[in-house]
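Undergrad: sequence first, then the predicted structure:
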Amino acid sequence: MMSMIKRTFVSITLSFLFALSSFGQESIDEQILSAREQSGVIDEILEYRFDSLMPALMDREEVDMWIVISREYNEDPVLKTMLPSTWLSARRRTILVFSKIPDSKEIEKIAIARYDVGKLMKGEWNLDVYPDQWNALMSIIEVRDPTTIGLNLSGDFGLADGLVYTEYTQFMEHLPIEYQSRIVSAENLAIAWLETRTKKEIEWHQKICEIGHAILQEGLSEKAITPGETTTEDVVWYLRQRVIEAGLDTWFHPTVSLQRKDPASFDHLRSFSNRPSGQVIIEGDLLHVDFGVSYLRLNSDQQQHFYVLREGETEVPQYLRDAFVQGNRLQDILTGNFKTGRTGNEILKATLAQAKEEGIIATIYTHPIGVHGHAAGPTIGLWDQQQGVKGKGDYPLYPNTAYSIELNAAVELPEWNKVIRIMLEEDGVFDGNSFFYLDGRQTSILTIPRQP
């Protein structure tokens, strides 16, 4: 399945991506489904995930029964990904039970709730028989008699640690003593559920990246930027406004920063938390944008570079083009080290070693992406943890998972008498054999204004 998807997406050319700067408002907005159409897509994907994906994941992680418990407005991050499109939160206390059917490749999907959970899970709490919701749950457990009962408890992954203390305490108080030794952490199952992408999700994720690129290309162009007048903060809010106008959302506030021929040096703290705001963009600036959109319960995360032409210039200076090549090469080194079963820390170590051999000063901070922006799965470095990340970095790489390839290459520019960083980020999928970008990647710095 994945090899077919890979062939489809590899055929996407960069000429499409970099033609996006000419997109008008209609072209972007016309790609967005109506709310009703989005609902249908979300529920279709969810039904397939329940029926085809979850049984295989429960087998892989050897969990016989998975119980997910949440109260309204205090939802487990996993539960939020299991609710139908018309449910925006849990209701009262919502308990979902997934139970393997013996000698079958199917599972039972049970909601211990007063309501059906959409069309996918029937509510099975009979108040006449079990006035107490916990007793209704215990009856399900006793009848099915699972060998292992998974709960969302995790010390390393917040996304897999969604069972709050009160719910856990009440659950254990009601659970018969003979079942208490069968409780296991559902950490790996929760991560697997969150990180594994189906064919249909990958198709839509490609479209989301396409839309994100289109908005980004518009916002970092002469349509939105007048050198000497426009500030970096103006561009940030241009991007936010376009997201709203398109009927989308964003999972983080965009950032626009610049590097130029001046005494100011780059450091990671300045880039991530102490970034100057509202700097006026002038000719000769190298702009950097970090931007992502949320759509159909999936997210994009993209970083690119743009150069503001000086009077008389028609192209990016050669020394900046040469620097950009190092960023692309670092991407290739990183994704070339993606191998099924390797941990994030192993991939990080191999990449940094290879980059050093090639003379690239590298910093890697790549993360999974999907139903969350900083999603479940192996962390491949943090900007301030280049020796490895305990816990999250020890998780292995699995097929059919998506990543934001986020990194930077530091390059000394004699022309500017300083070190700059080529900071790139693009989204793609590891299919078990190789990595491919969902909507291509930037392979050259674009100019403002664009040139024919």
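TA: Received the coordinates, thanks. Numbers count the residues shown, from 1 in each chain.
Undergrad: only C-alpha atoms for contact and neighbour calcs from this point on.
TA: OK.
Undergrad: what's the domain layout of the protein?
TA: 2-30+197-448, 45-185 (automatic domain parsing).
Undergrad: residue 39 is nearest to which of the ones you listed?
TA: domain 45-185 (5.3 Å; CA to CA).
Undergrad: just how off-centre is that closest one within its chain?
TA: Here domain 45-185 shows a centroid-to-chain-centroid distance of 24 Å under the convention CA atoms, centre = their mean, to the nearest Å.
Undergrad: when you give positions from now on, start the count at 6
TA: Shifting the count to begin at 6 puts that one at domain 50-190.
Undergrad: still on that earlier bit, now the domains of the chain as JSON lines including mean neighbour count and distance to residue 196?
TA: Below are the domains of the chain laid out as JSON lines (neighbours: other CA atoms under 10 Å; distance: least, CA to CA, whole Å):
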{"stretch": "domain 7-35+202-453", "mean neighbour count": "19", "distance to residue 196": "5"}
{"stretch": "domain 50-190", "mean neighbour count": "17", "distance to residue 196": "6"}
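Undergrad: and the pLDDT for the residue nearest to residue 250 when sequence neighbours are not counted?
TA: Leaving aside its sequence neighbours, residue 250 sits nearest to residue 34 (CA to CA, 6 or more residues apart in numbering; 7.9 Å). Residue 34 is assigned a predicted lDDT (pLDDT) of 77.
Undergrad: who's in contact with residue 34?
TA: 250, 251, 252 (CA atoms under 8 Å, 6 or more residues apart in numbering).
Undergrad: which residues does the second one contact?
TA: Taking CA under 8 Å, 6+ apart as the contact definition, residue 251 lies against 33, 34, 37.
Undergrad: ok, so of those residues, who is nearest residue 366?
TA: residue 33 (37.3 Å).
Undergrad: surely the closest one and residue 218 touch.
TA: No - Residue 33 is beyond contact range of residue 218, at 10.1 Å (criterion: CA atoms under 8 Å).
Undergrad: where does the stretch 156-305 of the chain have low pLDDT?
TA: Along the stretch 156-305 of the chain, segments meeting pLDDT under 70 span 270-280.
Undergrad: how about the helices of it, start to end?
TA: 170-179, 182-185, 192-200, 204-224, 237-250, 273-277 (DSSP state H, counting those that start in this stretch).
Undergrad: what angle sits between the longest one and helix 237-250?
TA: Computed by axes from the mean of the first three to the mean of the last three CA atoms, to 10 degrees, the angle separating helix 204-224 from helix 237-250 equals 140 degrees.
Undergrad: just list what helix 204-224 packs against, helices and strands only.
TA: helix 19-23, helix 30-34, helix 237-250, strand 303-304 (3 or more CA pairs under 8 Å, 6 or more residues apart in numbering; DSSP states H and E).
Undergrad: mind putting those in a markdown table, distance to residue 198 included?
TA: Formatted as a markdown table, those follow (distance: least, CA to CA, whole Å):
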| stretch | distance to residue 198 |
| --- | --- |
| helix 19-23 | 31 |
| helix 30-34 | 31 |
| helix 237-250 | 28 |
| strand 303-304 | 14 |
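Undergrad: so which of the ones you listed is nearest residue 452?
TA: The nearest among these, by CA to CA, is helix 19-23 at 11.2 Å.
Undergrad: how close does the nearest residue to residue 234 once chain neighbours are set aside sit to residue 228?
TA: Spatial nearest neighbour of residue 234, excluding adjacent residues (CA to CA, 6+ apart): residue 285 at 6.3 Å. Separation of residue 285 from residue 228 (CA to CA, to the nearest Å) stands at 16 Å.
Undergrad: before we move on, back to that, can you list the domains of the chain in JSON lines and add distance to residue 43?
TA: As requested, the domains of the chain are exported to JSON lines (distance: least, CA to CA, whole Å):
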{"stretch": "domain 7-35+202-453", "distance to residue 43": "6"}
{"stretch": "domain 50-190", "distance to residue 43": "8"}
